[in-house]
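J.: build me a model from this:
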Amino acid sequence: MPETLLPPVVMLRGLIRSNFHWGDFPERLAPWCTNIIQPEIPGNGFRCDEKTPTSIHALMEDVRQQVHSQHSGAVIIIAVSMGAMIAMEWARCYPAEIAAMHLMNTSLANMSLPWQRMQAPALLALITQVTNRDQLESAIMRWTMNLADRKTLEERWLTFNREHPLNWKNGIAQIWAASRYRGPLTAPIRQVWFYNANKDRLVKAACTARIAKKWHKPLDTHPSAGHDLPMDAGDWLANLIGPRLNLSA
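T.: Here you go, the predicted structure:
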């Protein structure tokens with residue numbers, strides 16, 4: 001299918017992450033799609049001066065309006081973690097607006113236990129460092145990446161974080177919103193793919209697997225990557241998602 005006929009791809013990052021943190025993953029998708037919209041969650045990154053809503057539904061409505069300001073038709077969503085929760089809520093409320101979803105390393109409060117959705121040591125690290133920007137960023141990288149070259153990324157990501165500082169209240173609001181989100185028990189749209197990582201140390205891989213099984217949708221699992229699949233296994237992920245963007249194939 002010519003790219004001009006493909007729906008735009010909306011890319012949603014997760015907890016305390018900016019669209020900056022996709023790194024070069026959009027470029028990895030370039031052989032299949034370059035029509036990409038990257039909304040920013042209020043309170044994160046380029047919108048760090050704004051207040052984060054305390055529910056996934058409110059976050060979804062904000063993201064939806066950002067997308068609608070650029071495109072009025074259906075979209076394909078690629079989303080990580082809390083971003084995938086936002087995507088699921090969007091599809092639940094407005095299924096005609098979502099052509100397909102690619103959801104990775106996510107969870108739902110009505111399908112997994114709290115200590116599976118965010119493992120206790122990781123949660124403790126994030127909460128205790130939420131007021132220290134540099135230590136928080138280092139903790140996030142440590143808990144979400146297994147394979148990426150963190151030394152190469154760290155200074156660039158720390159610089160971005162210093163220039164776009166997270167308000168600790170926004171960080172807590174996002175943790176609160178994600179922790180309470182109860183998503184659809186059945187797939188709200190037909191075209192859905194799931195991806196997880198066996199060595200995810202933030203969210204148990206079983207959380208994503210449980211949603212995929214409940215929804216009767218395919219799941220691809222990376223054997224050694226961490227929570228941040230786009231950074232840890234970008235080529236693997238792009239080579240799976242890319243061909244699937246052609247919905248007529």
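
J.: how about the spatially most central residue of the chain: what's its closest non-neighbour residue?
T.: The centre of the chain sits closest to Val80, judged by CA atoms, centre = their mean, with a distance of 1.9 Å. Of all residues not flanking Val80 in the chain, Gly14 sits nearest, at 4.6 Å (CB to CB, 6 or more residues apart in numbering). In short, each C-beta sits where N, CA and C put it, glycine included.

J.: so the residue nearest to the centre of the chain sits against Leu229, correct?
T.: Yes - counting by CB atoms under 8 Å, Val80 does reach Leu229; the two are 6.9 Å apart.

J.: Arg156 - how many residues pack around it?
T.: Neighbour count for Arg156, taken as other CB atoms under 10 Å: 11.

J.: can you tell me which residues contact the nearest residue to Ile36 once chain neighbours are set aside?
T.: Leaving aside its chain neighbours, Ile36 sits nearest to Val9 (4.9 Å; criterion: CB to CB, 6+ apart). By CB atoms under 8 Å, 6 or more residues apart in numbering, the residues touching Val9 are Leu29, Cys33, Asn35, Ile36, Ile37, Val75, Ile76, Ile77, Ile78, Leu245.

J.: what residues does the strand or helix carrying Ala209 touch?
T.: Assigned by DSSP states H and E, Ala209 belongs to helix 205-215. Outside helix 205-215, the residues within contact range by CB under 8 Å, 6+ apart are 103-108, 111-112, 116-117, 183-187, 192, 194-198, 218-219, 221.

J.: can you get me a residue count around Ile98?
T.: For Ile98, the tally of surrounding residues (other CB under 10 Å) stands at 23.

J.: for Gln116, same thing?
T.: Using other CB under 10 Å, Gln116 is surrounded by 15 other residues.

J.: phi, psi of the residue lying closest to it once chain neighbours are set aside?
T.: Among residues not flanking Gln116 along the chain, Lys204 sits closest, at 4.2 Å (CB to CB, 6+ apart). Per-residue torsions, Lys204: phi -60, psi 130 (degrees, to the nearest 10).

J.: list the contacts of Lys204.
T.: By CB under 8 Å, 6+ apart, the neighbours of Lys204 are Ser107, Ser112, Gln116, Arg117, Gln119.
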